[in-house]
Each structure stands twice: as structure tokens, then as C-alpha cells.
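K.L.:
Test case, fold it:
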Amino acid sequence: MSTWADLRRSLAITFTSRIFGFVSLIVLGVVGYLLWHEQQLLERELQRRGLLTATHLAEQSLDPILREDDYALFKLVQVLRGSHGQDFLGEERIAYAMVLDNRGQALAHTDPGQVHAVLTDPRTRQILARPDPSVTWIAGPSGERLYDVAVPIRMRGLPVGAVRLGISRTGVDSMLRDLALKVLAVLFVLMLVGIGSIWRVLRRMVHPIQRLRDSARAVQAGDLSQRVAVDRTDEIGQLASAFNAMTAELARSRAELERKEEVRARLLEQVITAQEDERKRIARELHDETSQALTSLIVGLKVLEGRPELEEMQEAVGDLRTLAGKTLDAVHDLALQLRPSVLDDLGLVPAIDRLVGDFRRAHGVDAVLETNLRDGPRLPASLETALYRIAQEALTNVARHAAARSASLVLESRRGSVTLIVEDDGRGFDVASSMREARDDRCLGLFGMRERATLLGGSLIVESTPGGGTTVFVELPLPAPLASPAPPGTGHPLGEVG
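P.N.:
Numbers count the residues shown, from 1 in each chain. From the prediction side, this is the model:
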């Protein structure tokens, strides 16, 4: 079916059909005109011969009429039909012949039953009223077309009767029919030869265009190594040269773009790594130094609060100790957000467990985590960091924008990759329009999540509809040792879903 559709859209087929149709119309018009012209010539010749025959019969009938010799008239009519009754095709040409007097009585007739009968038909009345040579068309007894030829019989310029002949058109029609069939047969053969010649010429013309089409489709599919052979100097050859130059420039541009993208990816990776290292350093300093300083301050304030000589300041010291405690909690939360120590110490699953628990307590959203990574070896640090940050950003978006009642996280390893799915039942949004505009914090966060996944060779897909919640799919490839299948009966290499 596709081959037939391609053939119908072929340039060669289109040109051939249009040329064939145009030439066919011209040829049919010319043939029709020639046949019509030939028909007119044959009809005029038939009428001329009919008039000559009728005139000759009228001249020979004058003397028998004057002598009232009906038998002589009968012999003239019969001899006329016997000598001129058939044309050169063997068709009966003279259908009837008659000699009339001034009253319309048939003095002689090829049909003996009509002899001495008085004819009162309109044609006879017309002939007697206007005694001039005339030819008119009438329908014969069996429905065939006849030329009725009438010639007056005159004596010294006065009409004494008339001769009527009925000449059949059958021979002319047969001749025209045979001529038309022969002409059409010859034209059909010539048109077949012409179509074959046009097809061959157009195929040679269209073949370079088809090569250009195939190469353009290959370029559309991403193969920029395609080149078209330039074997002619006309417009098609110039088009092929321009196409080759275009694909070469596209290949150069794509190579340059890939090089820049590689550099950008390396720089982005270095930025993210430096960011995580700096977060880890700041979180460690907050935990080790700032937290210790605040703890010492709280202890010192508690000691001051217990001294009797400072009884009037005990309330102020208590307030300061409470403020220091809140500051210590805030420092702990800040250090946890910057870089949770549980991620470095215990791994991804405990870190996300803690993240989900804190999110549930802080925002009142029923959030749960399902995973098959609780047992087994830990993931590489880069994967753990990326998955944790993506989960953290996804839950932040749920808290800020979704107005959800529940959320679920699914973290599992399967088929050589690790997958994270974050789903909520919130208000949702139009992903396509939001990603195009990229004006709010949610879209910036989505771009950051996607960049993290892309840097590790993975993918991130966001599915959402207004009022239908949001789902974030993340898939990252596992390193070869972790991606290898586990022996039969040992379960998944990274544990079972828990």
C-alpha cells in the first residue's frame, strides 16, 4: 500500500499523467475535427452525386412523360436502381426512386405498389410548390437516415413533374466508423510509444531528485554524512551541490555543538561537585564548630542561670538560653539541608527515609517511601547525591505548589538502572507551557533535576495535568558491576522491595 502511495506521489508519474492528459485532449480534439471535416466532405459528395443522378433521370424521363409511356419510366427507374443501387462498400445506396407528375401521382416507382398512387406527404407538397433542385434529410421506413433528393422535370422552363431519390447514409457512416477505428488504433499505439518515451525521459530527470529526497530523509533521521553525487551542471546539479554544502555545514555545526555541550556538561558537573563539596564543608563546620559553640553557650547560660547572685537576671539568662537552643536547632536544620550527614554515613535509603519523615511532619502531607534498596551494596556517591537532590526538589515542589494531601516515593533498582518515582495528588499543572515559559521556581527546579539526571546519562520525565496531580519519573543507569544480573535464587542484587 505504501509503495502504491509513493508511486502515486512520484514526480515522474505526475508529469507523465499530466503530459499524457494534455496530449490526449489535443489529439482527441484534432481527430474529432478531422473526422467531422471528413464527414462533411463525404456528405457533400453524396449529395452532389445524388443531385447528378436525379438530374440525369429527370432528363431521361421527359420524353416518356410526354408520350405517357409508363413502362419506359418504370424501366428507367429499375435500371437506375440496378446500376446505382449499391455503393462501393456493397451497401444499398439508393433506397427508393420515383417519377412524379404535377399532381403528385407516382408515374414510376421502385416499389411497384406505389405506382399511380398520389403522394400527399409534406415533402411531396414542398417539391410541387417549389420546383427547384433540393436535398433534405428524412427518416427512412426502418429508421435509417436518408437524403431525399428532388429535381424538377422541365419542358421549355415549365415543370411537368419531378424526380425523387432516397440515398442512404449507411456507406458514409460505415466509412467514417472504420476510419475512426483505424485512426484511434494508430493513435493508441503512438500514445503508448510516447508514454514510454516520456516515462524514460522523466525517470532520468527525476532520479537525481529522488536521490536528494532519500538523502534529505537520512539527514532528517540524523545521518549528516549523506552526500549526493553531482553528475550534472543544470539546476538539479546546483541543488545537489547546495545540499552537500548544507549537510557539511550542519555536520560541522553539530560537531561544534556537541563539543560545546560536552564542555558545558563537564563544567556543570564540576560546579555541582564543587557545590556539594562546599555544602558538605559548610555543613560540617556548622555541625562541628558552630553547634559546639552554641552548645557551650547554652551550658554557660545554664550555669549563670543557677548562680544566686544573678537572681534578678535569671529570667533574661533563661530567655537567652532558649534563644540559643532555637538557634542550635536552626543550625542543625540548616546543616541537614546543606548536606545530611546520614547520606554520607548510612546511604541513600536512610537519607530519603529521614527526608520523607521530616517532610511529613513539617507539611502534614501523608508521604511514604517504597524501595528495594534497603539491603545490598550502596550506590555510587554520585548517584546517591543526584537521587537525593532530585527527591528533595520534588518534595519541595509538592510543598510549595501542589497543595497535595498525599505523596509517594518509589525507589528501586531493575534491569541495570535505578528508578525514582515521586507522585502526588495535588493540583497539577500544564507541563509543556510551564517548561516553555520557565519563569517560576518550580520550572527552574525541574530544569535542575533534569540536568542532574542528564549528567549521569539518565532521563527525567514529568507527567502532570491540571487537577490530576504530578508524577516525576527518574531513571539513572547503574555501573556495570551493580547492573549485572544476580544468580538465580538470590533475589535482586540490591535487595527486595520493602
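
K.L.:
Let's see the pLDDT reported for V422.
P.N.:
For V422, the pLDDT comes out at 95.

K.L.:
Residue ranges in the stretch 251-400 of the chain under the pLDDT threshold?
P.N.:
265, 268-269, 272, 275-281, 283-294, 298-299, 301-315, 317, 328-329, 331-339 (pLDDT under 70).

K.L.:
elements contacting the longest helix along the chain?
P.N.:
For the chain, the helix that runs over the most residues, judged by DSSP state H, is helix 11-66. Here helix 11-66 touches helix 70-84, strand 94-101, strand 134-139, strand 145-155, strand 158-168, helix 170-220, going by 3 or more C-beta pairs under 8 Å, 6 or more residues apart in numbering; DSSP states H and E. (C-beta placed from N, C-alpha, C; glycine too.)

K.L.:
Show me how far that helix is from its chain's centre.
P.N.:
How far helix 11-66 lies from its chain's middle: 51 Å, per C-alpha atoms, centre = their mean, to the nearest Å.

K.L.:
and that helix with strand 94-101, angle?
P.N.:
Angle of helix 11-66 versus strand 94-101, following axes from the mean of the first three to the mean of the last three C-alpha atoms, to 10 degrees, is 30 degrees.

K.L.:
and helix 11-66, what's its mean pLDDT?
P.N.:
On average, helix 11-66 scores 83.

K.L.:
All further residue positions should be reported with the first residue as 22.
P.N.:
Got it, the first residue is 22 from now on, which makes the last one we talked about helix 32-87.

K.L.:
That helix vs strand 179-189, what angle?
P.N.:
140 degrees.

K.L.:
tell me the angle of helix 32-87 relative to strand 166-176?
P.N.:
Using the same axes, to 10 degrees: helix 32-87 against strand 166-176 is 30 degrees.

K.L.:
quick revisit: make TSV out of the helices and strands packed on helix 32-87 and add mean neighbour count.
P.N.:
Shown next, in TSV, are the helices and strands packed on helix 32-87 (neighbours: other C-beta atoms under 10 Å):
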stretch	mean neighbour count
helix 91-105	16
strand 115-122	22
strand 155-160	13
strand 166-176	20
strand 179-189	21
helix 191-241	14
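
K.L.:
Go through those and name the closest to L55.
P.N.:
Taking C-beta to C-beta, helix 191-241 is the member of these nearest to L55, at 7.7 Å.

K.L.:
For that closest one, what is the distance to the chain centroid?
P.N.:
Counting by C-alpha atoms, centre = their mean, helix 191-241 comes out at 28 Å from the chain centroid.

K.L.:
Can you spell out which helices and strands pack onto the next helix-or-strand element following it?
P.N.:
Using DSSP states H and E, the next helix or strand after helix 191-241 towards the C-terminus is helix 256-306. Under the contact criterion of 3+ C-beta pairs under 8 Å, 6+ apart, helix 256-306 touches helix 191-241, helix 335-359, helix 462-476.

K.L.:
got the buried residues for the shortest one?
P.N.:
What that stands for is helix 462-476. 463-464, 466-467, 470-474, 476 (16 or more other C-beta atoms under 10 Å).

K.L.:
coming back round to it: for the helices and strands packed on helix 32-87, give me a markdown table that also has distance to I257.
P.N.:
As requested, the helices and strands packed on helix 32-87 are exported to a markdown table (distance: least, C-beta to C-beta, whole Å):
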| stretch | distance to I257 |
| --- | --- |
| helix 91-105 | 68 |
| strand 115-122 | 67 |
| strand 155-160 | 60 |
| strand 166-176 | 58 |
| strand 179-189 | 62 |
| helix 191-241 | 5 |
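
K.L.:
possible to save these as JSON lines with mean pLDDT and distance to E496?
P.N.:
Below are these laid out as JSON lines (pLDDT from 0 to 100; distance: least, C-beta to C-beta, whole Å):
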{"stretch": "helix 91-105", "mean pLDDT": "78", "distance to E496": "103"}
{"stretch": "strand 115-122", "mean pLDDT": "87", "distance to E496": "97"}
{"stretch": "strand 155-160", "mean pLDDT": "84", "distance to E496": "91"}
{"stretch": "strand 166-176", "mean pLDDT": "88", "distance to E496": "88"}
{"stretch": "strand 179-189", "mean pLDDT": "87", "distance to E496": "93"}
{"stretch": "helix 191-241", "mean pLDDT": "80", "distance to E496": "28"}
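
K.L.:
Minimum distance to V136: which of those has it?
P.N.:
helix 91-105 (7.4 Å).

K.L.:
quick one: the closest one to helix 32-87, angle?
P.N.:
Using the same axes, to 10 degrees: helix 91-105 against helix 32-87 is 160 degrees.

K.L.:
ok now helix 91-105, how far from the chain's centre?
P.N.:
Counting by C-alpha atoms, centre = their mean, helix 91-105 comes out at 79 Å from the chain centroid.

K.L.:
got a list of contacts for that helix?
P.N.:
The contact list for helix 91-105 (C-beta atoms under 8 Å, 6 or more residues apart in numbering) reads 74, 78, 81-82, 84-86, 114-115, 118-120, 128-131, 136.

K.L.:
Buried ones only from those residues, please, as a PyMOL command.
P.N.:
The PyMOL command for the buried members of those (criterion: 16+ other C-beta under 10 Å) is given here:
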select buried, resi 74+78+81+82+85+86+114+115+118+119+120+128+129+130+131+136
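
K.L.:
Now L416. Nearest residue, chain neighbours left out?
P.N.:
F380 (5.0 Å; C-beta to C-beta, 6 or more residues apart in numbering).

K.L.:
I meant L55, not that one.
P.N.:
Per C-beta to C-beta, 6+ apart, closest to L55 is V204, 7.7 Å.

K.L.:
Wait, the one you found touches G53, no?
P.N.:
No - in this structure, V204 is not within contact of G53 by C-beta atoms under 8 Å, at 10.2 Å.

K.L.:
Show me the two of the buried residues of helix 462-476 that sit farthest apart.
P.N.:
R463 and L476 (20.7 Å).

K.L.:
looking at the helices and strands packed on helix 32-87, which is closest to I40?
P.N.:
Across those, closest to I40 is helix 191-241 (C-beta to C-beta), at 5.7 Å.

K.L.:
quick one, the closest one and strand 166-176 angle?
P.N.:
150 degrees.

K.L.:
what is the orientation angle of helix 191-241 with helix 256-306?
P.N.:
30 degrees.

K.L.:
What is the burial count for T348?
P.N.:
Here the number of neighbours of T348 (other C-beta atoms under 10 Å) works out to 15.

K.L.:
Over to A263?
P.N.:
Neighbours of A263 (other C-beta under 10 Å): 12.
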